[in-house]
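Asker: Starting from these lines, generate the structure:
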Amino acid sequence: MTSDGLDDAAFDRLQQSARDHLWLHFSRMGSYETAEVPVIVRGDGAYIYDARGKRYLDGLAGLFVSQLGHGRTELAEAAAKQASELAFFPLWSYAHPKSIELAERVASYAPGDLNRVFFTSGGGEAVETAWKLAKNYFKLTGKPMKHKVISRAIAYHGTTHGALSITGLPELKQQFEPLVPSTFRVPNTNIYRAPIHGDDPVAFGRWAADQIAVAIENEGPSTVAAVFLEPVQNAGGCFPPPPGYFERVREICDEYDVLLVSDEVICAYGRLGHMFGAERYGYQPDMITCAKGLTSGYAPLGAMIATDRLMEPFLQGNTSFAHGYTFGGHPVSAAVALTNLDIFEREGINEHVRDTEGEFRATLEKLLDLPLVGDVRGDGYFYGIELVKDKTTKETFNDEESERLLRGFLSKALFDAGLYCRADDRGDPVIQLSPPLICDQSHFDEMEQILRSVLTEAETKL
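Answerer: You can find the predicted model right below:
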């Protein structure tokens, strides 16, 4: 038995039980027939430990979630205290103190008059809620034909049928079709692969935003309800907005009476150095969807935050929003979220991200001297590293090469080298990094050194 690890018998039992009973998410289960199931048993700060006692740097914050890092006993104690007082009660016509307090707290951070907070269990449910609210709102305000949604190519918005329909990843959707109709895609903001204005970020941003207006016109303004956009698009490897992009999108939405939904399931709560990404980029959405960092992963919780305008029709007479979730606004999760936000303020987490994001970027950009690294992009503590066959032409890998590079080598090699991150081919091949927000230069250096070593070895595998 290694330090902090299980003995051989206990480890083998855990492995067999996992193979026999546990269905892993987004996983090729057949691959574990001959390979061990990675089992993470403990976390401490920016590190996680597996069942053998081996330590890994958590370069993805679990799944863009663990803002404050692992092992925060204060958050565990908040959960235990709340569970001993009121473990559960639904928000169906009733409230509990922690849900009220958290709704006020979240609204206080949100920009403008985003004062109405609808709690969910997670991010996909928040996106689902936003779409349903958009459709319901327009039906109640005399525009019943407005139901369609526009989102960006390669964007990921969740796995429920509605959220998956909004998602812009065809290969992720095909096996579940037919999905919810009436969703349409526009270009994303990946200037590295811009089809036009690739040398002019302002012109590119204007062009990309204007494609939303084109899509609205093509579908008919009287039928389009909402545009769903992430502040920094995740899938495809972290696409920040070009200058002026969101300003123009806001103008377009106002012109056509279309709701702007800022999907911040990843980008909220410090990931970009602010409570909300909309604040960083200076735009005013009509709704924000969020989850993940709201509790730093110590309990499941999400939210849809809406403007007062969107709430108004539901304050009249017998009208209600016929929508909800059993565990939305769970008392224990709400208590954890409040303590999580207390720590954010006490420790200056957002300020820390803003103070050190330049160091993080500069450290990752050192990798641009490697033949495989074509682009390093992102903001805050949220970065993608795009891998290419040819840096000069930006030639990417074909499907077989990408499979061999990412799944055949990089994913396992990076993990074996002590870095948990994501090698992803939803779009062009990328490595994604999104570490806990408590990280510092020592962690940035560790990430860069592991990536450099593994990517250098990868060159020999192609």
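Asker: confidence score at the spatially most central residue of the chain?
Answerer: Nearest to the mean C-alpha position of the chain, by Cα atoms, centre = their mean, lies residue 266 at 2.8 Å. The predicted structure scores residue 266 at 98 on the pLDDT scale.
Asker: could you pull out the strands for the stretch 101-250 of the chain?
Answerer: Taking DSSP state E, counting those that start in this stretch, the strands of the stretch 101-250 of the chain run over residues 116-120, 148-152, 183-186, 224-229.
Asker: Any chance of a markdown table for these, columns distance to residue 359?
Answerer: C-beta: built from backbone N, CA, C; applies to glycine. Putting those into a markdown table (distance: least, Cβ to Cβ, whole Å) gives the following:
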| stretch | distance to residue 359 |
| --- | --- |
| strand 116-120 | 34 |
| strand 148-152 | 30 |
| strand 183-186 | 34 |
| strand 224-229 | 28 |
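Asker: Tell me which of those is the most buried.
Answerer: Comparing the strands of the stretch 101-250 of the chain by mean neighbour count (mean count of other Cβ atoms under 10 Å), strand 224-229 comes out on top with a mean of 27.
Asker: Contacts for that one next, please.
Answerer: 127, 130-131, 134-135, 138, 146-152, 155, 157, 166, 212, 215-216, 246, 249, 253, 256, 258-263, 286-287 (Cβ atoms under 8 Å, 6 or more residues apart in numbering).
Asker: just checking, which of the residues you listed belong to helices?
Answerer: Counting by DSSP state H, these place 127, 130-131, 134-135, 138, 166, 212, 215-216, 246, 249, 253, 256 in helices.
Asker: In the stretch 351-462 of the chain, what residue spans correspond to helices?
Answerer: In chain order, the stretch 351-462 of the chain shows helices spanning 399-402, 411-416, 441-459, with DSSP state H, counting those that start in this stretch as the criterion.
Asker: could I get those helices as JSON lines with mean pLDDT and distance to residue 179?
Answerer: Converted to JSON lines, the helices of the stretch 351-462 of the chain look like this (pLDDT from 0 to 100; distance: least, Cβ to Cβ, whole Å):
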{"stretch": "helix 399-402", "mean pLDDT": "89", "distance to residue 179": "23"}
{"stretch": "helix 411-416", "mean pLDDT": "94", "distance to residue 179": "28"}
{"stretch": "helix 441-459", "mean pLDDT": "97", "distance to residue 179": "36"}
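Asker: now the ones you listed as TSV including mean neighbour count and distance to residue 348?
Answerer: Output for those, formatted as TSV (neighbours: other Cβ atoms under 10 Å; distance: least, Cβ to Cβ, whole Å):
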stretch	mean neighbour count	distance to residue 348
helix 399-402	12	40
helix 411-416	17	31
helix 441-459	17	17
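Asker: Put together a markdown table for the ones you listed, with distance to residue 349 on each row.
Answerer: Output for those, formatted as a markdown table (distance: least, Cβ to Cβ, whole Å):
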| stretch | distance to residue 349 |
| --- | --- |
| helix 399-402 | 35 |
| helix 411-416 | 26 |
| helix 441-459 | 15 |
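Asker: closest to residue 162 out of those helices?
Answerer: Taking Cβ to Cβ as the measure, those were each checked against residue 162, and helix 399-402 came out nearest at 28.8 Å.
Asker: name the helices or strands packed onto the one helix or strand residue 80 maps to?
Answerer: Mapping residue 80 onto the secondary structure by DSSP states H and E places it in helix 73-85. Under the contact definition 3 or more Cβ pairs under 8 Å, 6 or more residues apart in numbering; DSSP states H and E, helix 73-85 sits against helix 331-347.
Asker: buried residues in the helix it packs on?
Answerer: Of all the residues in helix 331-347, those buried under the rule 16 or more other Cβ atoms under 10 Å are 331-341, 343-344.
Asker: ok so, going back, now the phi/psi pair for the residue nearest to the centre of the chain, please.
Answerer: Recorded main-chain torsions at residue 266 are phi -100, psi -40, according to degrees, to the nearest 10.
Asker: And the closest residue to it other than its chain neighbours, how close does it get to residue 267?
Answerer: Distance criterion Cβ to Cβ, 6 or more residues apart in numbering; nearest residue to residue 266, sequence neighbours excluded, is residue 64 at 4.4 Å. Distance, residue 64 to residue 267, by Cβ to Cβ, to the nearest Å: 9 Å.
Asker: got any residues that touch both of these two?
Answerer: Shared contacts of residue 64 and residue 267, counting by Cβ under 8 Å, 6+ apart, come down to residue 382.
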